[in-house]
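Q: Below is the structure, and that's it, no one-letter string:
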């Protein structure tokens, strides 16, 4: 079936280092969304990308949507301890007769002070 | 709006007991999702409702699981009988979505279920 795959599964960085997580879909996506889940919390929406090749920035976070609309990345510049959490990508994949928001496995980011 | 409201926040039950998880979506949202999160399997979509109608329940692990949405402001996820392997965090999420997965989902705080 259609899947959304995400790498790496875990990432440990020193505070101030950069971080990138990658998302790949088995099929072309109409859009891709990114969520952040803090430890013990719930996923919170960060952003949605819709256009081929789209790049969006939120302060130190840069989101990209691939030209083929099958992959995406999230890059954090100069990580801070507040960036700790799990980052998920999600896309509308077809299951049966409908498309539903399907989440990747997530990348768990640890920032060492 | 208070966001998506789930209850209870924590549930500890004995194997074999019935468990009912509750969710109140954001007013006006037409899509509701139940997800289960575990370390081993990540975030799994269990069932998806659109306009109170179950559209896809293929993620429901087995017949012990059932979900209902009697009206636009309430949904339940029931496990009967519960088993230790059902221990997980269960999230309810809602969205205003006409095309299926095209708009952001708002998650509740989750219910942490422990079956002993």
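A: Thanks, I have the structure now. None of these values were measured; they are calculated from a predicted model.

Q: what about residue B:57, distance to residue B:48?
A: 8 Å (Cβ to Cβ, to the nearest Å). Where you see a C-beta, it was placed from the backbone N, CA and C, and this is true even at glycine.

Q: ok, the two, which is more surrounded?
A: residue B:48 (28 against 16; other Cβ atoms under 10 Å in any protein chain shown).

Q: pLDDT score assigned to that one?
A: What the model reports as pLDDT for residue B:48 is 90.

Q: Run through the bridge partners of residue B:32.
A: Beta-bridge pairing of residue B:32 under DSSP bridges involves residue B:49, residue B:94.

Q: what's near enough to touch it?
A: B:23, B:25, B:48-49, B:69, B:75, B:92-94 (Cβ atoms under 8 Å, 6 or more residues apart in numbering or on different chains).

Q: can I assume residue A:78 is in contact with residue A:19?
A: No: applying Cβ atoms under 8 Å, one finds residue A:78 not in contact with residue A:19, separated by 9.4 Å.

Q: These two: which is more packed in?
A: For residue A:78 and residue A:19, the more surrounded residue by other Cβ under 10 Å is residue A:19, and the numbers stand at 22 against 11.

Q: just checking, the more buried one touches residue A:11?
A: Yes: judged on Cβ under 8 Å, residue A:19 makes contact with residue A:11 at a distance of 6.0 Å.

Q: Pull up the overlap in contacts between those two.
A: With Cβ under 8 Å, 6+ apart as the test, residue A:19 and residue A:11 both reach residue A:109.

Q: any idea how far chain A is from residue B:37?
A: 9 Å (Cβ to the nearest Cβ, to the nearest Å).

Q: and that residue, what pLDDT?
A: At residue B:37, pLDDT is 95.

Q: With residue B:13 instead?
A: 97.

Q: So what's the residue count around it?
A: 17.

Q: Find the residue at the geometric middle of the chain.
A: No chain specified, so I'll use chain A. residue A:89 (3.6 Å; Cα atoms, centre = their mean).

Q: my bad, chain B
A: residue B:34 (2.9 Å).

Q: pretty sure it is in a helix, no?
A: No: the assignment for residue B:34, made by DSSP: H, G, I helix; E, B strand; the rest coil, is strand rather than a helix.

Q: where does the closest residue in space to it that isn't next to it in sequence land in three-state SS?
A: Spatial nearest neighbour of residue B:34, excluding adjacent residues (Cβ to Cβ, 6 or more residues apart in numbering or on different chains): residue B:46 at 4.4 Å. Secondary structure for residue B:46, judged by three-state DSSP, is strand.

Q: Look up how far chain A lies from residue B:46.
A: From residue B:46 to chain A the distance is 11 Å (Cβ to the nearest Cβ).

Q: Next SSE downstream of the top strand by length along chain A?
A: As assigned by DSSP state E, the longest strand anywhere in chain A is strand A:85-95. Next helix or strand after strand A:85-95 toward the C-terminus (DSSP states H and E): strand A:98-103.
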